[in-house]
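> Everything below, folded, please.
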Amino acid sequence: LPTLWQDDERFVESYLTRYPGHYLTGDGGHIDEDGYVWVMGRTDDVINVAGHRLSTGTMEEVIASHPAVAECAVIGVQDALKGQVPRGLVVLKSGVLAEPGEVCAELLAMVRDQVGPVAALKEITVVAALPKTRSGKILRGVMRGIADGQAVSVPSTIEDPDVLDDLRPVLRKAP
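Okay, the predicted model is just below:
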């Protein structure tokens, strides 16, 4: 394994001691009942909601476990009172007959039950697609920037720029 520049001790402490015998990658996820590994995001993707540090990846993991959800993203959006608030975006699986509002209500209840009310997730929106790179990485930082009203640069590796254009009105809506 590589090390940190002139700091082998910090490398060992940061990446090799939390889980003895394993390397800490900084990715979070789960292994499903079929043995598939789901990498949900970075463990350092933490938002600050009214002084509480919350993992958007944990919220995504709960949302992704719903049988109607194909993929999802939770981003932290600036809020004048709380600092940041989480906002969820979901793509439903093909053939789902349930009303989007009904699914969103179920998802909000699941997050409140499994993560807790401190998660403060109050808005989940069903969208047609999420913006991704050609390698499949969801562009959470770009979505967060748009939601916060910042000028964002869209990476040249984006799979379909039209998806981002379709999301702009949803992302710019005040929480």
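> and the closest residue to V170 other than its chain neighbours, what element?
In space, and not counting its chain neighbours, V170 is closest to T125: 5.5 Å by C-beta to C-beta, 6 or more residues apart in numbering. In short, each C-beta sits where N, CA and C put it, glycine included. Following DSSP states H and E, one finds T125 within strand 124-126.
> Let me see the confidence value for the residue nearest to V170.
pLDDT recorded at T125 is 96.
> cool, and A109?
96.
> go on, the one 3 residues further on?
In the predicted model, R112 carries a pLDDT score of 94.
> residues of the helix or strand harbouring it that come out buried?
R112 belongs to helix 100-114 when assigned by DSSP H and E. Applying a neighbour-count criterion of 16 or more other C-beta atoms under 10 Å, one finds V103, C104, E106, L107, L108, M110, V111, R112 buried in helix 100-114.
> repeat for stretch 86-94
In stretch 86-94, counting by 16+ other C-beta under 10 Å, buried: P86, R87, G88, L89, V90, L92.
> can I get those residues in a markdown table with pLDDT?
Shown next, in a markdown table, are the buried residues of stretch 86-94 (pLDDT from 0 to 100):
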| residue | pLDDT |
| --- | --- |
| P86 | 94 |
| R87 | 95 |
| G88 | 96 |
| L89 | 97 |
| V90 | 98 |
| L92 | 97 |
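> contacting residues around A70?
A70 sits next to V90, V91, L92, K93, S94 when contact means C-beta atoms under 8 Å, 6 or more residues apart in numbering.
> Quick check: it vs L92, distance?
6 Å (C-beta to C-beta, to the nearest Å).
> quick one, what contacts the residue of the chain most remote from its centre?
For the chain, the largest distance from the centre (C-alpha atoms, centre = their mean) belongs to Q6, which lies 33.4 Å off. Listed by C-beta under 8 Å, 6+ apart, Q6 has no contact partners.
> Using the three-state scheme, assign it.
coil (DSSP: H, G, I helix; E, B strand; the rest coil).
> cool, and A70?
A70 ends up strand, using three-state DSSP.
> per-residue pLDDT, it?
97.
> which other helices and strands contact the helix holding R112?
helix 56-64, strand 83-92, strand 124-126 (3 or more C-beta pairs under 8 Å, 6 or more residues apart in numbering; DSSP states H and E).
> for the ones you listed, which one sits closest to I47?
The closest of these to I47 is strand 83-92. By C-beta to C-beta, the value is 4.6 Å.
> All good on my end, thank you.
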